[in-house]
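> my questions concern the predicted model and sequence given below.
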Amino acid sequence: MSRVIRVVVVDDERLFREGIAGLVDAADDLDVVGTAEDGREGVEAVLAHHPDVVLMDMQMPVMNGIEATQEIRRASPEVQVVILTNFQYDEYVVPALRAGAAGYLLKDSTVTEVHQGIRAAAAGEAMLSPAVTRHLLDSLGPAMSTRQAAARAKVGELSERERAVVGLVATGVSNAEIARTLFMAEPTVKTHLTHAMVKLGVTNRTQAAILGHDAGLPDDAATT
């Protein structure tokens, strides 16, 4: 039997919170261990219940989703946060991902997509709604020269293999696909990515992907 993933749901709308909690709990491998109605309660629920993944709303009273994500990642870095919100604009998406969110889903996602997003986060992968991905890529355009210089300085510390792995992570492919592309075993990919994340000073796959994109690693990979 596969490991059961423990989940906390944080949303200030009671009907939605209870509804999504029920839909998540219906999956055999997912277990909702707590709910909260604002970001501060969400942080407290994480400390009390020690979940694997938090489904986090964005706009809430007391403490919003970005602030709560930052608090959770500082206090419990092993806990992954997946944003589940109505807001798909880059002024929400990029700050949330930079705060440490492992995924960003919209509330019009299907139940299957929500389940997949939780499982991906628990496995160290990432999942973004297609509309969110488009906005994210658009938002990375302005002021790229400044960000690119800083990002390239960081990736300069990576080994050749680590750069290759991060470059492919930035294209959104899975570890299995990276392993096939680079002719590596999947555990080797995970090892290279873990070492790269430490060198880059990031805490999850999504942040590594953003930094790799800023540094132009996907473009570098395409020309080699």
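Good, I have the coordinates. Worth saying up front: this structure is predicted, and the values here are computed from it rather than measured.

> this structure: helices as residue ranges?
Assigned by DSSP state H, the chain shows helices spanning 14-25, 39-49, 65-75, 90-98, 111-122, 130-139, 144-155, 160-169, 175-182, 186-200, 205-214, 217-222.

> out of these, flag the one nearest Met56.
Minimum separation from Met56 across those (C-beta to C-beta) falls at helix 65-75, 4.7 Å. C-beta: built from backbone N, CA, C; applies to glycine.

> quick check, pLDDT for Asp57.
The model reports Asp57 with a pLDDT of 94.

> which residues touch it?
If you count contacts by C-beta atoms under 8 Å, 6 or more residues apart in numbering, Asp57 has them with Val10, Asp11, Asp12, Glu13, Gly65, Ile83, Leu84, Thr85.

> which one of those residues is nearest His115?
Nearest to His115 out of the contacts of Asp57 is Leu84 (C-beta to C-beta; 11.8 Å).

> can you pull the contacts of the closest one?
The neighbours of Leu84, taking C-beta under 8 Å, 6+ apart as the test, are Asp11, Ile20, Leu55, Met56, Asp57, Leu105, Leu106, Lys107, Ser109, Val114, Gly117.

> look at it and report its pLDDT.
Looking at Leu84, its pLDDT is 92.

> quickly list what it is bridged to.
Note on Leu84: beta-bridge partners by DSSP bridges are Leu105.

> for it, give its distance to Ala96.
Separation of Leu84 from Ala96 (C-beta to C-beta, to the nearest Å) stands at 11 Å.

> quick revisit: can I get the contacts of Leu84 in a markdown table with distance to Val173?
Below are those laid out as a markdown table (distance: C-beta to C-beta, whole Å):
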| residue | distance to Val173 |
| --- | --- |
| Asp11 | 31 |
| Ile20 | 28 |
| Leu55 | 24 |
| Met56 | 25 |
| Asp57 | 29 |
| Leu105 | 19 |
| Leu106 | 22 |
| Lys107 | 26 |
| Ser109 | 21 |
| Val114 | 22 |
| Gly117 | 17 |
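
> for these, which one is nearest Glu44?
Met56 (13.6 Å).

> I figured the closest one hits Gly42, correct?
Yes - Met56 lies in contact with Gly42 (C-beta atoms under 8 Å); the separation is 6.5 Å.

> of these two, which one has the most company?
Between Met56 and Gly42, counting by other C-beta atoms under 10 Å, Gly42 is the more crowded of the two (31 against 28).

> and the closest residue in space to Phe87 that isn't next to it in sequence, what is it in contact with?
Nearest residue to Phe87, sequence neighbours excluded (C-beta to C-beta, 6 or more residues apart in numbering): Met58, at 5.2 Å. By C-beta under 8 Å, 6+ apart, the residues touching Met58 are Asn64, Gly65, Ile66, Ile83, Thr85, Asn86, Phe87, Tyr92, Ala96.
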